[in-house]
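Engineer: got a structure for you, letters missing:
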């Protein structure tokens, strides 16, 4: 998720009526957001390089291949851990930007993007826990344990999908705020 926002009229934050009033810190906030975008791009690269892992994991489970399940699950756990570090860094930067003197539209946009990122982290935590359970407990020779682990995996993956949908909703709402702000700015010019 890349975070962008066009300049727009302030909704009361600066006396000059523009986004860059004398006490406005929008430019500094934008630098923080640009840095957050760099963190998010690192996550995108990780995701793209490893997007087949979920399908490979599913196939290994269906084939009752314990060695592959454990290997792929272990890889997934470490990938998600790496992504978490980048996501937490991006969230920290967005929070700092929100604390600055910025216009209300930009603040709300950043709040929604932050909420979207937090939901994504929650979703990936579900997936990481599912992978850890598979890595640590999957045994195709023990039918009861195998079925329990598969059920847990299925539930957590479903939670992952549901929470990611919520994250996309927050991101979409933020994008609508940005579009509305840009439209209002264009109407003023």
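Structural biologist: Done, it's in. In this text, all values refer to a predicted model and were calculated from it rather than measured experimentally.
Engineer: quick one: residues contacting the spatially closest residue to residue 76 that is not a sequence neighbour.
Structural biologist: Nearest residue to residue 76, sequence neighbours excluded (Cβ to Cβ, 6 or more residues apart in numbering): residue 131, at 4.1 Å. Placement of C-beta: from N, CA and C, glycine included. By Cβ atoms under 8 Å, 6 or more residues apart in numbering, the residues touching residue 131 are 57, 73, 74, 76, 77, 80.
Engineer: just the helices in the protein please.
Structural biologist: Assigned by DSSP state H, the chain shows helices spanning 26-49, 53-62, 66-98, 104-137, 143-188.
Engineer: packed most tightly, which of these would that be?
Structural biologist: Mean neighbour count (mean count of other Cβ atoms under 10 Å) peaks for helix 104-137 among the helices of the chain, with a mean of 21.
Engineer: between that one and helix 53-62, what angle do the directions make?
Structural biologist: Angle of helix 104-137 versus helix 53-62, following axes from the mean of the first three to the mean of the last three Cα atoms, to 10 degrees, is 30 degrees.
Engineer: return the distance of helix 104-137 from the chain's centre.
Structural biologist: Chain-centre distance of helix 104-137: 5 Å, with Cα atoms, centre = their mean, to the nearest Å.
Engineer: let's have the chain start at 199 instead
Structural biologist: I'll keep to 199 as the first residue from here, and by that count the last item is helix 302-335.
Engineer: show the average pLDDT along that helix.
Structural biologist: For helix 302-335, the mean pLDDT works out to 92.
Engineer: now swap in stretch 247-267 and tell me
Structural biologist: 90.
Engineer: identify the residues contacting it?
Structural biologist: The contact list for stretch 247-267, computed with Cβ under 8 Å, 6+ apart, reads 270-271, 273-274, 277, 329, 332-333, 336-338, 344, 348, 351.
Engineer: try 7 Å
Structural biologist: Contact with stretch 247-267 is made by 270, 271, 273, 274, 277, 332, 336, 337, 338, 348, as judged by Cβ atoms under 7 Å, 6 or more residues apart in numbering.
Engineer: who are the contact partners of the fifth one?
Structural biologist: Yep, that's residue 277 we're talking about. Contacts for residue 277 (Cβ under 7 Å, 6+ apart) come out as 244, 248.
Engineer: circling back: out of the contacts of stretch 247-267, which comes closest to residue 315?
Structural biologist: Set against residue 315, the nearest of those by Cβ to Cβ is residue 277 (17.2 Å).
Engineer: and stretch 230-239, how far from the chain's centre?
Structural biologist: The chain centre lies 12 Å from the centre of stretch 230-239; the measure is Cα atoms, centre = their mean.
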